[in-house]
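S.K.: Show me the folded form of this:
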Amino acid sequence: MRSCILVILVVTLACPLLAQEEAPKPKEPAKEPPAEKKEPEKPRELTSEEIAAAVKSLSARFDEERKEARRKLIQAGERAVVPLLALLKDELPAQRAAAAEILGFIGAEAAAPELVKLIRDKDLSVRSEARKALARIGPAAIKYLAKALEEGTEAQRKEFDLAVRKMVSAIIKNLVAPGDEYGDYPGQFDDMKKIGRYATAALVDMAKNASKTGYRYLAITALGRLGDKAAIPALKDIYDSVELFKDDAAISLAQLGDDSYAKKVIEDYLVKSINEPNEYGYPANLALFYHKLEKWKDAEVQYKRAIEIAPDQPGPYYNYACLLSVRGRLKEGMAALKKSLEKGYSSAGWIMRDKELDNLRKLPEFKQLIEKRFGKAAGAE
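M.R.: Predicted structure coming up:
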């Protein structure tokens, strides 16, 4: 944080009649004790009567009144679930839709079975809000959706599939850091694994058609982590047709049991490295490829080679720091991370999100390093 200090110069002019006298020294203002830091006040807990009144106000004439009722019910959280569940059966579609939306923001798993039923609702807005609410509740709702997917009619299964797709999309979008930065780290797809094979179709669609590179990359990566072999044909197609995601598709295929594509990628990088020994990108990419396959020794060799060829590039230092952190080599990991920052690595947001750095994060030097590079606000995250 930059601190601007304003220096005020006070010039005292002696009155001519008092020229012989010493000007009196101004009194120093009394120093006030530093204000105590107050914890932000928690919102007052609504009474049962106030919750009931808020539910009633969801049908108010004026929009501002309806918005305030919605805010209060979301604030009430789990205590508002029972009256909102009753509202899901209201004869007015607007009321059913409003209740579904609020239950989604509360994240009430108890509402999931009723929200699944609303996906069959005759009103389009109600079906839409039910799908969005289930997506916000997340993987906890999947067991109810899964049963519906297995038992419903074809038309109903399409509606349920849309709900799953919204859930999958919400998880993927949440994995992209501010500034559209993305990568992968341990535990990243734990929520996706709870959805299991029901996520495969949505992920394949995102891997092939998503508008953002980060979404496509994460969808391809998730397909490998989920372990559903039904994704193999789509991943092969991506490997053959999309150069940008060739490496990622090969890694996911290897995780699904077919390492032939990974072997081709490795061989290609090794040949290119021999033919262009001064190009750091080949060993840097190969190191990352080995890293994702957890071939630690091979990855380390290539990171060191990339750093030797291009010692001023921050990327290889950063990824090498991640490897060293995962392997418990903390002193070396801190040195590599420091080098990365010195060479210009600039994403504080990604550093704080990347769980491969968790072992380094436990060290006091980590916080000091981040604060020195990005300021105290970054170190406090």
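S.K.: Confirm for me that L341 is in contact with A335.
M.R.: No - counting by Cβ atoms under 8 Å, L341 does not reach A335; the two are 11.1 Å apart. Bear in mind the C-beta positions are built from the backbone N, C-alpha and C, glycine included.
S.K.: Tell me which stretches of the stretch 51-200 of the chain form helices.
M.R.: Here the stretch 51-200 of the chain has its helices, by DSSP state H, counting those that start in this stretch, at 63-76, 81-87, 93-106, 112-118, 124-137, 142-151, 154-174, 190-195, 200-209.
S.K.: want to throw those helices into JSON lines with mean pLDDT, distance to L223 and mean neighbour count?
M.R.: Shown next, in JSON lines, are these (pLDDT from 0 to 100; distance: least, Cβ to Cβ, whole Å; neighbours: other Cβ atoms under 10 Å):
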{"stretch": "helix 63-76", "mean pLDDT": "94", "distance to L223": "34", "mean neighbour count": "16"}
{"stretch": "helix 81-87", "mean pLDDT": "95", "distance to L223": "35", "mean neighbour count": "18"}
{"stretch": "helix 93-106", "mean pLDDT": "95", "distance to L223": "27", "mean neighbour count": "23"}
{"stretch": "helix 112-118", "mean pLDDT": "92", "distance to L223": "25", "mean neighbour count": "21"}
{"stretch": "helix 124-137", "mean pLDDT": "92", "distance to L223": "19", "mean neighbour count": "22"}
{"stretch": "helix 142-151", "mean pLDDT": "82", "distance to L223": "17", "mean neighbour count": "17"}
{"stretch": "helix 154-174", "mean pLDDT": "88", "distance to L223": "11", "mean neighbour count": "18"}
{"stretch": "helix 190-195", "mean pLDDT": "93", "distance to L223": "10", "mean neighbour count": "18"}
{"stretch": "helix 200-209", "mean pLDDT": "96", "distance to L223": "5", "mean neighbour count": "20"}
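S.K.: Now distance to E49 too, for these, in a markdown table please.
M.R.: As requested, the helices of the stretch 51-200 of the chain are exported to a markdown table (distance: least, Cβ to Cβ, whole Å):
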| stretch | distance to E49 |
| --- | --- |
| helix 63-76 | 12 |
| helix 81-87 | 11 |
| helix 93-106 | 18 |
| helix 112-118 | 24 |
| helix 124-137 | 26 |
| helix 142-151 | 32 |
| helix 154-174 | 34 |
| helix 190-195 | 37 |
| helix 200-209 | 43 |
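S.K.: if we can go back for a sec, L341 and A335: who's more crowded?
M.R.: Set side by side, L341 and A335 show more neighbours around L341, with 20 against 15, by other Cβ atoms under 10 Å.
S.K.: pLDDT score assigned to that one?
M.R.: Note for L341: predicted pLDDT of 95.
S.K.: mind checking the SS state of it?
M.R.: What DSSP: H, G, I helix; E, B strand; the rest coil gives for L341 is helix.
S.K.: Check the spacing between it and G333 real quick.
M.R.: 13 Å (Cβ to Cβ, to the nearest Å).
S.K.: who touches the residue nearest to D90 when sequence neighbours are not counted in this structure?
M.R.: In space, and not counting its chain neighbours, D90 is closest to R96: 5.5 Å by Cβ to Cβ, 6 or more residues apart in numbering. R96 is in contact with 87-90, 118, 121, 123, 126, 129, counting by Cβ atoms under 8 Å, 6 or more residues apart in numbering.
S.K.: I309 and P283 touch, don't they?
M.R.: Yes - under the criterion of Cβ under 8 Å, I309 makes contact with P283 at 6.9 Å.
S.K.: the more surrounded of these two?
M.R.: With neighbours defined as other Cβ under 10 Å, I309 and P283 compare such that P283 has more, 25 against 18.
S.K.: follow-up on the earlier one: out of the helices of the stretch 51-200 of the chain, nearest to L288?
M.R.: Closest of these to L288 is helix 200-209, at 19.0 Å (criterion: Cβ to Cβ).
S.K.: Show me what counts as buried in the next helix or strand after the closest one.
M.R.: Downstream of helix 200-209, the first helix or strand assigned by DSSP states H and E is helix 213-226. Neighbour-count burial for helix 213-226, counted by 16 or more other Cβ atoms under 10 Å, picks out 214-226.
S.K.: List of residues touching helix 213-226?
M.R.: 172-173, 175-176, 180-182, 184, 188-189, 192-193, 196-197, 199-200, 203-204, 206-208, 210, 231, 234-235, 238, 244-245, 248-249, 251-256.
S.K.: again, only using 6 Å
M.R.: 172, 175-176, 180, 182, 184, 189, 192, 203, 206-207, 210, 231, 245, 248-249, 252, 255 (Cβ atoms under 6 Å, 6 or more residues apart in numbering).
S.K.: go on, stretch 341-354?
M.R.: 177-178, 181, 185, 312, 314, 318, 373-374, 378, 381.
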